[in-house]
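# Got a predicted model here, sequence first, then my questions.
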Amino acid sequence: MKKILDIITDEMKKAFAANGYDENFAKVTLSNRPDLCEYQCNGAMAAAKTYKKKPIDIANGVVEQLKDSEVFEEVNAVMPGFINLKLDPAFLSGYMNGMKGAKKLGMDEVEKPETIVIDYGGANVAKPLHVGHLRSAVIGEALKRMGRFVGHKVIGDVHLGDWGLQMGLIIEELKDRKPELPYFDESFTGEYPEEAPFTISELEEIYPAASGKSKVDEAFKERAQEATFKLQSGYAPYRAIWKHIMNVSLKDLKRNYANLDVDFDLWKGESDAQPYIPGLIKDLQDKGLAYESQGALVVDIAEPTDTKELPPCIVRKSDGAALYATSDLATIVEREEDFKPDHYIYVVDKRQELHFTQVFRVAKKAGIVPADRKMDFVGFGTMNGKDGKPFKTREGGVMRLENLIADIDEAAYNRIMENRTVSEDEAKKTAEIVGLAALKYGDLSNQATKDYVFDIDRFTSFEGNTGPYVLYTIARINSILKKYSDTCENTENGEILPPSAEPEKTLMLALSRYSDVMLTCFEELAPHKICAYIYELSNALNHFYHETKIIAEEDRKKQAGYISLVTLTRDVLMTCINVLGFSAPERM
Ligand code: ARG
């Protein structure tokens, strides 16, 4: 279906053109004075300069053309030359009926589907998943689903940190604890054991212990660096340990992401990019881009239009080691080989912005990707505690994601039990759904770049701009529908009738914007705007519900129309939350 804003704009264009004005003046926006009108057009003001006329005269002429328009109920020109628009009720209900029966509720998919790689999650193997990784997972998952919904081919890659110093630390700690293992016997020639030399809980304890030790014990740290280097150069016994670390840790990571309802198409990591590094370095040198500076190999990335000085990108340290940027560049080489994506999106902490600016610029300068390839860095802010500092446990430690989820589920459970409409058992299950919605909505409703305060009381509230409020609205609709099917005889086909009251029209106006919202939110990579939309839609539904007798309505035709309208509202809400990455319980 044509987007509502396009229909309105086209109608205005016709009117401008009919009076001999360039139709590009007919730009329409949502009204910023909802008390006066629903949409507005300020084009007469701009046209006035071109045609040397008074804006109000232009506006009056355009209004005259729209007298018989089926799209508008009311069109007014007001000083100095605004055109205020109100939609025709029958046109609006017709649009609702169109949405009701259409695939994807009337949203047309993008004309040119792209292949998009979204790099998100970014967990580090063998280190516990903490709240710092939460935002990347939540925002990335939403963007992936949004992109798919509007019709793109989207590939989600977790891009694990699986090639760093943590591996050497674990190896050396293991050597201290279990020197008898064959991996530490250089004369060992047999097969390495199939079973990992540690469980997940041991691994979870080994890494922090080793990391702590390396901070006070310089010799241990050097050993760990050496072990990391040996692993990276392919030393077989350490490769064998590394595989065990990967297996054990991945199983745990997968479970954690599944709890968040986040899933990846690719479980690749920095290690997968390593084979591409020698070719990459050679290419950068052959093209004359990489040069030696104080022993390191660097590529200049500064551009004349930069407002601040950007340092060169280091691609090889003086000791010959590759760096984070090298690995990200090599990953792009790999992705070009595998997918030739039209668009790259990285969802990473905003403190890594410089890193990505460097990586994108080198990739383009070196022709790893064409200069016009879309590469977006979606940098996000920090999740803070109520004290305004990065979120911690009550004891001041790093909060593990699992514990955070358990806390929010418990808070959601208590809220549900306050309502006491369901059994304890059902409340437990419902709490998991509501808790996840609270967590994700609490995050997604903020513009990604902003820091936000994790406020468990506010996030789990059934009132206000929260996930549970949206779910509660859906549950309310479900309960209306149940009552209707239990008590009312349905003889009508449920055609939505032209709205006869303000709350009904307001609801329809909100619904009609749905495809516009979906399409622009992905274009702008802005899930927070979908949140704002479903909050507004929920408010409109609840306002309508309070002002309208639905179950008690005696006019069967009217009643059936109401039922279709609230069903459509539920379908739009469900589609939106699904795209954001959470779901709704039947009731709560
Ligand atoms: N593992 C990194 C970290 O924890 C995040 C990885 C982000 N993605 C990337 N392609 N660099 O900081």
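Structure received. Numbering: from 1, shown residues only.

# Look up how far residue 399 lies from the residue of the stretch 151-300 of the chain found nearest the ligand.
Nearest to the ligand, among the residues of the stretch 151-300 of the chain, is residue 161, at 3.4 Å (CB to the nearest ligand atom). All C-beta spots, glycine's among them, are computed from the backbone N, C-alpha and C. Counting by CB to CB, to the nearest Å, the separation of residue 161 from residue 399 is 19 Å.

# next one: residue 518
Remark: distance between residue 518 and residue 399 (CB to CB) = 33 Å.

# So what's the residue count around the closest residue to the ligand within the stretch 251-400 of the chain?
Residue of the stretch 251-400 of the chain nearest the ligand, by CB to the nearest ligand atom: residue 348 (4.4 Å). Per other CB atoms under 10 Å, the neighbour tally for residue 348 reads 22.

# Which elements pack onto the helix or strand it falls within?
Assigned by DSSP states H and E, residue 348 falls within strand 343-349. If you count contacts as 3 or more CB pairs under 8 Å, 6 or more residues apart in numbering; DSSP states H and E, strand 343-349 packs onto strand 115-119, helix 131-149, strand 374-380.

# hmm, stretch 135-153 in reach of the ligand?
No. For stretch 135-153, no contact with the ligand is found by CB under 6 Å from any ligand atom; the gap never falls below 7.2 Å.

# buried sites along that stretch?
Residues of stretch 135-153 classed as buried by neighbour count (16 or more other CB atoms under 10 Å): 135-152.

# Could you pull up the mean pLDDT of the helix or strand where residue 543 lies?
Element membership for residue 543, per DSSP H and E: helix 527-547. Model confidence over helix 527-547, given as mean pLDDT, is 98.

# After that helix, which helix or strand is next?
Of the helices and strands lying after helix 527-547 in sequence (DSSP H and E), the nearest is helix 556-580.

# Up against the ligand, what does the stretch 101-250 of the chain have?
Selection of the stretch 101-250 of the chain residues close to the ligand by CB under 6 Å from any ligand atom yields 119, 122, 124, 159, 161.

# and what of the chain?
When proximity is defined by CB under 6 Å from any ligand atom, the chain lies next to the ligand at 119, 122, 124, 159, 161, 328, 346, 348.

# and the helix holding residue 543, what other elements does it pack with?
Packed on helix 527-547, when contacts are counted by 3+ CB pairs under 8 Å, 6+ apart, are helix 131-149, helix 424-444, helix 467-487, helix 502-512, helix 514-523, helix 556-580.

# List the buried residues of the shortest one.
In other words, helix 514-523. Using 16+ other CB under 10 Å as the test for burial, helix 514-523 gives 514-522.

# Spell out which residues make up each domain of this structure.
Domain assignment for the chain by automatic domain parsing gives 4-87, 401-580.

# Residue 161 and residue 399: who's more crowded?
Comparing residue 161 with residue 399 by other CB under 10 Å, the one with more neighbours is residue 399, at 22 against 18.

# pretty sure that one contacts residue 384?
No. If you go by CB atoms under 8 Å, residue 399 and residue 384 don't touch, sitting 11.8 Å apart.

# hey, what's in contact with both of the two?
Common neighbours of residue 399 and residue 384 (criterion: CB atoms under 8 Å, 6 or more residues apart in numbering): residue 391.

# What segments of this structure are strands?
With strands called from DSSP state E, the chain shows them at 28-30, 39-41, 72-78, 82-87, 115-119, 153-157, 290-293, 296-299, 313-316, 343-349, 374-380, 383-384, 452-453.

# out of these, nearest to residue 537?
Closest to residue 537 of these is strand 28-30 (CB to CB; 14.1 Å).

# which parts of the closest one are buried?
Result for strand 28-30 [16+ other CB under 10 Å]: buried residues residue 28.

# Give me the contact list for that strand.
5, 8-9, 12, 38-42, 85, 513.
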